[in-house]
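A.B. asks: predicted model and sequence below, questions to follow.
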Amino acid sequence: MKVKNTLAIGGISMLLLLSLVIPSYTQAKPNDYVVGDEAITFLKEHNVDLTPFVKTTNLKNDSIYSEEDASESISKSALYNEEVLFLKKQAAVYQFTDEQIQNYVKGVVETTPILVHGKNASNQYSTMSTPYSSRIGDDGIGYEVVSSSAGFNAESAFLTIPSASIASSTSGYLFYSVSSPITNFIIDVGLWYGAGGATGNIVGWRGVYNSSTLGQHAVPSDGSTISALTPGKQVYMISQIREDGFLETKVLDASNFSISYLNFIYYVGDQNVWQTNGVFDRQITLCQNDAVFTNGSYLHNAKFS
């Protein structure tokens, strides 16, 4: 699903059987919430507990600090209104059930995004680099599953994790490329299968961003793998350009949206990438540092839907 200024039409999601969340409503007035009236109305329509959105609930532990600069932070609760309004659009396209919406909101509230690149950061920052993780100039072999036109601010899709095997200096990627027609900047955000971690040789799926200014980095920065991402596993991957110029990327469990495998934020406003001019591409790609693809590496049965 791509979101422009009106609701995008996309495929219908699978029926997900999720545990029922029993709602409880606070007696707060509309101006006592950290989200707007439209968001509150949507949440009430789907029996979502409003307690986490009351202003007094969000006074403690609300700051998300940058990995690059501990003096820079953003407010987690300030993210909520756009999160809920974007969920409203997704729910209309994919016909989400109340249980799915409740679990999605539960994940939003209980998961703190990683701020990997903030407004005040230098483009010289680096957290991780291995000889096996850099995408080469011709992007290796692979295929672009869906390409958008300019003017979109978000992308979402269900994604099937492939079976994978890689040889030396080879990596596999499942990601969204985000760019703008008015800048040379481009960033890939999503999942990477390759060698990394503390020793540089731990193979598995992990979060990743790869920007034209900062290069490739694992998320989190320790390069830890996501053990739940096994062949055939279905996830729901979302990337959204926010009004404030931050790009937020999530990977959720497709059978329970409250389970978040990846959630990070990267500031793209300084690169002139905004809601009004974003370009999103979905890609499944296999890359090799020397463009040698006779080493037996493969990604089998990856699928965006």
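C.D. replies: Looks like it arrived, so ask away.
A.B. asks: which stretches of the stretch 1-150 of the chain aren't confidently modelled?
C.D. replies: 2-30, 57-60, 121-150 (pLDDT under 70).
A.B. asks: what about the strands in it?
C.D. replies: Applying DSSP state E, counting those that start in this stretch to the stretch 1-150 of the chain gives strands spanning 2-3, 63-65, 73-75, 114-117, 141-147.
A.B. asks: the stretch 201-305 of the chain now?
C.D. replies: With DSSP E, counting those that start in this stretch as the criterion, the stretch 201-305 of the chain has strands at 202-211, 215-219, 234-241, 246-253, 256-267, 279-288, 298-300, 303-304.
A.B. asks: what strands line up against the first one, and which way round?
C.D. replies: Each strand pairing with strand 202-211, determined using DSSP bridges, is listed with its direction: strand 186-196 (antiparallel), strand 215-219 (antiparallel).
A.B. asks: wait, G232 touches I161, no?
C.D. replies: Yes. Taking CB atoms under 8 Å as the definition, G232 is a contact partner of I161 at 6.7 Å. Where C-beta positions appear, they are placed from N, C-alpha and C, glycine not excepted.
A.B. asks: and those two? which has more neighbours close in?
C.D. replies: Neighbour totals were compared for G232 and I161, and I161 leads with 23 against 9 (other CB atoms under 10 Å).
A.B. asks: what about the nearest residue to that one once chain neighbours are set aside, distance to F152?
C.D. replies: Setting aside the residues directly before and after it, I161 is nearest to K233 in space (CB to CB, 6 or more residues apart in numbering), at 4.4 Å. As judged by CB to CB, to the nearest Å, K233 and F152 stand 27 Å apart.
A.B. asks: between these two, who's got more neighbours?
C.D. replies: F152 (22 against 17).
A.B. asks: how's the chain carved up into domains?
C.D. replies: 37-116, 123-304 (the TED database).
A.B. asks: closest to N31 out of the ones you listed?
C.D. replies: Proximity to N31 (CB to CB) singles out domain 37-116 among the domains of the chain, at 8.7 Å.
A.B. asks: now the closest one, how far from the centre of its chain.
C.D. replies: 14 Å (CA atoms, centre = their mean, to the nearest Å).
A.B. asks: show the end-to-end separation of that domain, please.
C.D. replies: One end of domain 37-116 to the other measures 31 Å (CA to CA, to the nearest Å).
A.B. asks: over to stretch 195-204?
C.D. replies: 7 Å.
A.B. asks: which of the residues in that stretch are buried?
C.D. replies: Across stretch 195-204, burial judged by 16 or more other CB atoms under 10 Å covers 195-197, 203-204.
A.B. asks: thinking again about what came up before, can I get the strands of the stretch 201-305 of the chain in CSV with mean pLDDT and distance to N120?
C.D. replies: Shown next, in CSV, are the strands of the stretch 201-305 of the chain (pLDDT from 0 to 100; distance: least, CB to CB, whole Å):
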stretch, mean pLDDT, distance to N120
strand 202-211, 95, 16
strand 215-219, 92, 18
strand 234-241, 97, 19
strand 246-253, 98, 13
strand 256-267, 97, 9
strand 279-288, 86, 26
strand 298-300, 88, 37
strand 303-304, 89, 34
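A.B. asks: Serialize those strands to a markdown table and add fields for distance to N81.
C.D. replies: Formatted as a markdown table, those follow (distance: least, CB to CB, whole Å):
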| stretch | distance to N81 |
| --- | --- |
| strand 202-211 | 24 |
| strand 215-219 | 24 |
| strand 234-241 | 13 |
| strand 246-253 | 13 |
| strand 256-267 | 15 |
| strand 279-288 | 22 |
| strand 298-300 | 37 |
| strand 303-304 | 28 |
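A.B. asks: so which of those strands is nearest S177?
C.D. replies: strand 279-288 (4.3 Å).
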